[in-house]
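K.L.:
Need the 3D shape of this:
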Amino acid sequence: MTTVSARSAALRQVRDFLADHAEQVRALLCEISTHRAAGYEVEAALATLDGADAEVARHRPHEVSRSAVFMPSNLILYSYVLYLLVPSLYTRRLVFRPSSQVKDQMARLHAMLAPVHGLPVELATTSQRDFLEEEALRADVVVFTGAYRNAEQVRSQLAPGQLFLFLGSGVNPFVVAPGADLARAARDVVEIRLLNAGQDCLGPDLLCVHESLLTPFLDALVTELKGLRHGPYTEPDADYGPLFYEGALEEAALFLARHRERIVHGGAVDFADRRVDPAVVLGPPATPRTQVPEFFAPVFNLTPYRDELSLAAVLTTGMFTERALGSTVYGHAPDLVRALARRTTVTTDTTLLAVDDGNAPFGGYGRQANYITDGSDQWVEPILISKAVAEHLPEGRP
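P.N.:
Next up, the predicted model:
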């Protein structure tokens with residue numbers, strides 16, 4: 001294995017390349033991401049590369065012979081750093097399979113960065129089934145990002161002792177409680193919900209607003225939305241753009257059609273331009289049986305609530321428990337914050353973007369949001385690959 005110092009130097013070379021060729025990198029990312037989202041992704045990648053050595057020194061993961069990674073369909077640069085470059089500091093060989101939706105962009109990103117780092121990171125162009133048989137079944141560590149049902153199919157075929165890391169998505173409820181700065185809450189929820197035109201897994205799929213604040217918060221939210229600008233991904237001043245991902249447009253349109261009587265703002269859909277204007281949908285109070293779809297579109301799915309204890313009971317049971325990843329509370333609701341903190345990463349008066357640290361564990365305690373397993377035991381907890389390898393992969397696994 002190449003010395004750790006040589007691999008650290010390789011990561012620094014990538015860091016310098018990204019900083020020196022930011023516009024070239026951004027141009028590639030803007031094929032699938034808005035200009036602002038691409039900028040955020042470059043900054044997150046740089047910060048993670050800067051913290052890579054300290055992360056590995058902190059957790060001291062065992063040496064890994066082989067790693068197989070099923071890559072996500074978004075955040076391709078950030079994911080390349082998180083799941084490939086940083087783990088290369090303690091992994092002999094890493095093979096990754098791009099999501100079919102972004103395989104061309106992922107291949108070109110790898111072609112751009114591979115000559116810079118020269119690390120044993122290999123792109124596989126095989127089918128998911130062949131990648132599973134040829135790479136994942138032989139790997140010490142398997143990382144899967146995507147849908148829970150697909151992760152379960154992969155996990156079920158692995159052998160005991162293989163470390164499997166699943167990174168999915170959550171409901172990420174955004175709560176507006178008494179005492180909240182409504183203008184700030186409205187501005188911040190628009191920022192995170194419209195990150196990459198709504199096509200980001202950190203976006204809140206449910207907004208819970210105290211019934212006493214419903215009207216003024218809606219006024220503040222609609223005011224923010226009316227000032228937004230639609231434009232192409234390459235436009236720096238555009239707040240949102242056409243939807244890129246297959247199925248996102250149709251799923252958003254179907255949801256809006258089913259709930260058209262509850263739309264209180266926006267919601268126009270243009271199939272030819274793949275455009276969904278930001279929509280605010282006001283639903284009934286949530287219950288433990290409420291089904292909240294994952295939106296990859298600029299949809300604000302809003303529900304009122306009466307008191308924090310009843311809301312805590314809803315957000316910590318049923319589907320909300322299974323999809324517990326992150327949550328956000330604006331205002332004064334200490335009992336709710338304590339309840340949510342037992343199951344999710346919680347932010348108060350700021351969004352989850354503020355705690356998105358590529359060198360620290362992230363996630364929640366919902367099995368459909370993220371989990372780690374070695375085939376015998378399972379740990380449902382926030383995930384950082386180096387930490388998971390250090391704590392859950394037997395040292396010297398053949």
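
K.L.:
My understanding was that L77 contacts E41; is that so?
P.N.:
Yes: counting by Cβ atoms under 8 Å, E41 is a contact partner of L77 at 5.2 Å. Using the backbone N, CA and C atoms, a C-beta is placed for each residue, glycine as well.

K.L.:
what touches both of the two?
P.N.:
Counting by Cβ atoms under 8 Å, 6 or more residues apart in numbering, the contacts common to L77 and E41 are L29.

K.L.:
low-scoring stretches of the stretch 251-398 of the chain, by residue?
P.N.:
The model of the stretch 251-398 of the chain has pLDDT under 70 over residues 395-398.

K.L.:
where along it do the helices fall?
P.N.:
308-315, 318-322, 334-341, 385-392 (DSSP state H, counting those that start in this stretch).

K.L.:
cool, the stretch 1-150 of the chain as well?
P.N.:
4-20, 22-29, 35-50, 52-59, 76-80, 103-117, 128-134, 148-155.

K.L.:
need the helices of the stretch 251-398 of the chain in a markdown table with distance to R184 and mean neighbour count, can you?
P.N.:
A markdown table is the format used below for these (distance: least, Cβ to Cβ, whole Å; neighbours: other Cβ atoms under 10 Å):
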| stretch | distance to R184 | mean neighbour count |
| --- | --- | --- |
| helix 308-315 | 19 | 19 |
| helix 318-322 | 25 | 18 |
| helix 334-341 | 17 | 18 |
| helix 385-392 | 33 | 21 |
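
K.L.:
Take those helices and write them to JSON lines, including distance to H259.
P.N.:
Formatted as JSON lines, the helices of the stretch 251-398 of the chain follow (distance: least, Cβ to Cβ, whole Å):
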{"stretch": "helix 308-315", "distance to H259": "19"}
{"stretch": "helix 318-322", "distance to H259": "18"}
{"stretch": "helix 334-341", "distance to H259": "26"}
{"stretch": "helix 385-392", "distance to H259": "39"}
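
K.L.:
Figure out which of those is closest to A252.
P.N.:
helix 318-322 (19.8 Å; Cβ to Cβ).

K.L.:
who's in contact with the closest one?
P.N.:
Residues contacting helix 318-322 (Cβ under 8 Å, 6+ apart): 171, 173, 288-292, 314, 343, 366-369.

K.L.:
Not counting its neighbours along the chain, what's nearest the residue nearest the centre of the chain?
P.N.:
Per Cα atoms, centre = their mean, the C-alpha nearest to the average position across the chain is that of C201, at 3.9 Å. Counting by Cβ to Cβ, 6 or more residues apart in numbering, S169 is the residue found nearest to C201 once chain neighbours are left out, at 4.2 Å.
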